[in-house]
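Enquirer: task: produce atomic coordinates for the following.
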Amino acid sequence: MISRFLMMLVLSVVLGSGNLYAQDAFSVVLDPPVHGTFELDPPLPDDGMYPAGTVVTVTATPEDGYVLDSGYFSVPGRWGAMYHESMASPFEVVIDQDKHIGASFIEASAVDHIDVTQDIVYAKPGVKTLKYDVYSPKGAENLPCLVIIHGGGWSSNTEDIMRGLARELTKGGQFVVFSIDYRWAQKLDGDATNNTMANLIEDVFGAIAHIMEHAAEYGGDPTRIGLTGDSAGGHLSAAASLMVNMIGDGGFGTTEDVFEFMPSYLPEGKSVDAVREDMQAAIQAAAPSYGVFGGNFLNHFSEDPAADATWQAAISPINHIPRATDRAVPQYLTRGTRDPLINDEMVRSFMEALVAKDQRVEYVQVGGANHAFFDWKPDAQTKATFAQYGVYYAAQMKDFFASVLY
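Expert: Residues are numbered from 1 along each chain as shown. Coordinates of the predicted model:
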């Protein structure tokens with residue numbers, strides 16, 4: 001888990017910062033914990049400043065009846081406070097900029113029904129190691145698999161942000177849930193060249209291929225898969241559910257009018273054609289939440305001078321909906337009525353395109369909800385939003401998946 005906390009430090013080195021630390025000391029603010037405590041070693045000095053480069057060990061201790069949700073540090077980011085979390089204690093934080101440090105605790109009953117396996121590596125196509133977490137009901141055997149793809153503008157967050165949804169979807173013991181990570185777009189992982197949207201979709205397919213190969217180890221049935229994700233993950237889950245036929249080794253745009261996705265992981269001895277065939281049969285439903293399904297909001301992120309509108313169309317799920325008679329892929333769509341990023345027309349047009357191909361689709365508008373109500377973070381506001389909207393609609397989503405996968 002230390003590697004997650006060192007990520008920002010590592011990226012600063014990879015990106016070639018000439019001076020590793022811009023100042024001699026940085027401030028640390030301790031977020032008050034609820035239902036537990038945490039201690040720092042070395043202790044925070046009285047002036048609230050640590051020397052630059054200090055490695056702080058944080059030990060978190062829950063109250064009786066509670067467990068550690070995560071220990072974390074946070075820094076300002078595009079979407080407000082950006083959390084870098086560890087699910088284990090103790091954990092280490094490198095003081096390389098001003099940070100908040102804290103710990104989040106949840107009731108033990110929220111997780112006592114599952115076994116959680118974290119940071120399973122499935123590929124490393126660039127600088128960042130790609131991984132996923134598994135939430136398996138205790139005693140799981142041959143259960144359908146749900147794969148969650150996180151949001152964050154294709155440019156932030158990790159699979160950790162979907163753990164609240166994962167815990168809800170495992171309630172009742174019907175599903176094994178896998179929450180996946182993928183590359184960030186452009187050079188945000190520290191890669192020398194842009195990670196394109198095609199690369200991100202290839203990571204999703206690679207994660208699914210790895211999950212199918214190993215699902216039985218966690219009590220999952222690799223022949224029954226549903227996909228979900230929110231925001232950017234809504235786009236990626238819709239794309240992966242509807243565009244499986246585009247898996248191949250022909251390249252993405254390297255040949256005129258040929259747009260194929262090579263999964264970033266292939267099981268040993270298995271051809272890309274075999275992976276495509278198995279995945280087409282296995283992926284049977286999707287629940288993309290407040291996602292982007294087409295239009296100018298989608299960016300191919302390619303630096304290739306040949307990239308044009310055809311490249312954008314090739315990453316747009318709305319352009320690749322199969323007829324239900326050829327391949328039925330029911331979709332469950334949600335959007336908060338106060339979402340400032342995804343408007344009603346964006347989701348409704350996708351719904352109408354699905355209807356035109358006779359696909360089963362359900363579009364639920366969540367009254368009063370803003371964007372990202374399925375997210376989970378350590379702060380009280382995000383937890384309260386999830387409790388208000390996420391819990392109920394996760395149960396509805398679970399019923400949808402059960403209606404298809406059972």
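Enquirer: going by C-alpha atoms from here, please, whenever you check contacts or count neighbours.
Expert: Fine.
Enquirer: tell me where the chain has helices.
Expert: 2-5, 7-14, 163-169, 197-214, 232-242, 272-282, 309-314, 344-356, 380-385, 391-405 (DSSP state H).
Enquirer: who touches the closest residue to T129 other than its chain neighbours in this structure?
Expert: Sequence neighbours aside, A123 is the residue nearest to T129 in space, at 6.4 Å (criterion: CA to CA, 6 or more residues apart in numbering). When contacts are counted by CA atoms under 8 Å, 6 or more residues apart in numbering, A123 touches 129-131, 206-207, 264-265.
Enquirer: mind redoing it with 10 Å?
Expert: Each residue near A123 by CA atoms under 10 Å, 6 or more residues apart in numbering is listed here: 129-131, 182, 203, 206-207, 210, 263-266.
Enquirer: pipe the residues you listed into CSV and attach neighbour count per row.
Expert: CSV is the format used below for the contacts of A123 (neighbours: other CA atoms under 10 Å):
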residue, neighbour count
T129, 16
L130, 22
K131, 19
Y182, 29
D203, 27
G206, 24
A207, 28
H210, 21
P263, 26
S264, 22
Y265, 20
L266, 21
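Enquirer: for those residues, which one is nearest V111?
Expert: Distances from V111 to those, taken as CA to CA, are shortest for K131 (20.9 Å).
Enquirer: measure the residue nearest to L143 when sequence neighbours are not counted to K398 for me?
Expert: Excluding its sequence neighbours, the residue lying closest to L143 (CA to CA, 6+ apart) is G220, at 4.7 Å. Separation of G220 from K398 (CA to CA, to the nearest Å): 16 Å.
Enquirer: circling back to that earlier point, gap between the residue nearest to T129 and H150?
Expert: Applying CA to CA to A123 and H150 gives a distance of 17 Å.
Enquirer: just say which of the helices of the chain is most tucked in.
Expert: helix 232-242 (a mean of 28; mean count of other CA atoms under 10 Å).
Enquirer: and that one with helix 197-214, angle?
Expert: Our comparison of helix 232-242 with helix 197-214, counting by axes from the mean of the first three to the mean of the last three CA atoms, to 10 degrees, yields an angle of 70 degrees.
Enquirer: give me the mean pLDDT for helix 232-242.
Expert: The average pLDDT for helix 232-242 rounds to 98.
Enquirer: alpha carbons only: can I get it in CSV?
Expert: Provided in CSV are the C-alpha atoms of helix 232-242 (Å, rounded to 0.1, in the frame of the first residue of the first chain):
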residue,chain,number,x,y,z
ALA,A,232,-16.0,8.8,-17.0
GLY,A,233,-16.6,5.2,-15.8
GLY,A,234,-20.1,5.5,-17.1
HIS,A,235,-18.7,6.1,-20.6
LEU,A,236,-16.2,3.3,-20.2
SER,A,237,-18.7,0.8,-18.9
ALA,A,238,-21.1,1.6,-21.7
ALA,A,239,-18.3,1.3,-24.3
ALA,A,240,-17.0,-2.0,-22.9
SER,A,241,-20.5,-3.5,-22.8
LEU,A,242,-21.6,-2.4,-26.3
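Enquirer: other SSEs contacting it?
Expert: In terms of contacts (3 or more CA pairs under 10 Å, 6 or more residues apart in numbering; DSSP states H and E), helix 232-242 is packed against strand 143-149, helix 197-214, strand 220-230, helix 272-282, strand 283-289, strand 331-336.
Enquirer: off-centre distance for the second one?
Expert: Between the mean C-alpha location of helix 197-214 and the chain-wide mean there is a distance of 12 Å, by CA atoms, centre = their mean, to the nearest Å.
Enquirer: for it, what does the pLDDT average out to?
Expert: 98.
Enquirer: just the angle between that helix and strand 283-289, please?
Expert: With the same axes, to 10 degrees defining the directions, helix 197-214 sits at 130 degrees from strand 283-289.
Enquirer: and the angle from helix 197-214 to strand 143-149?
Expert: Angle, helix 197-214 to strand 143-149, by the same axes, to 10 degrees: 160 degrees.
Enquirer: same check, this time on the third one
Expert: If you take the same axes, to 10 degrees, strand 220-230 sits at 30 degrees to strand 143-149.
Enquirer: what packs against strand 220-230?
Expert: In this structure, strand 220-230 packs against strand 143-149, strand 176-180, helix 197-214, helix 232-242, helix 272-282, strand 283-289, strand 331-336, helix 391-405, with contacts taken as 3+ CA pairs under 10 Å, 6+ apart.
Enquirer: could you dump those to a markdown table with distance to K383?
Expert: Shown next, in a markdown table, are the helices and strands packed on strand 220-230 (distance: least, CA to CA, whole Å):
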| stretch | distance to K383 |
| --- | --- |
| strand 143-149 | 18 |
| strand 176-180 | 18 |
| helix 197-214 | 27 |
| helix 232-242 | 20 |
| helix 272-282 | 33 |
| strand 283-289 | 18 |
| strand 331-336 | 16 |
| helix 391-405 | 10 |
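Enquirer: quick one: closest of the helices of the chain to L143.
Expert: Closest among the helices of the chain, once you apply CA to CA, is helix 391-405, at 9.4 Å.
Enquirer: mean confidence score for the closest one?
Expert: 98.
Enquirer: ok, now stretch 248-266?
Expert: 97.
Enquirer: now the end-to-end length of that stretch.
Expert: So stretch 248-266: terminal residues 11 Å apart, CA to CA.
Enquirer: let me know the pLDDT of R78.
Expert: 78.
Enquirer: now do T196 against F401, distance only.
Expert: 30 Å.
Enquirer: return the residues in contact with the residue positioned nearest the centre of the chain.
Expert: Central residue of the chain (CA atoms, centre = their mean): H150, 2.1 Å from the mean position. Contacts of H150 were listed using CA under 10 Å, 6+ apart, and they are 156-163, 179-182, 228-234, 236-237, 374-375.
Enquirer: now I106
Expert: Applying CA under 10 Å, 6+ apart, the residues near I106 are 34-36, 62-63, 65-70, 378.
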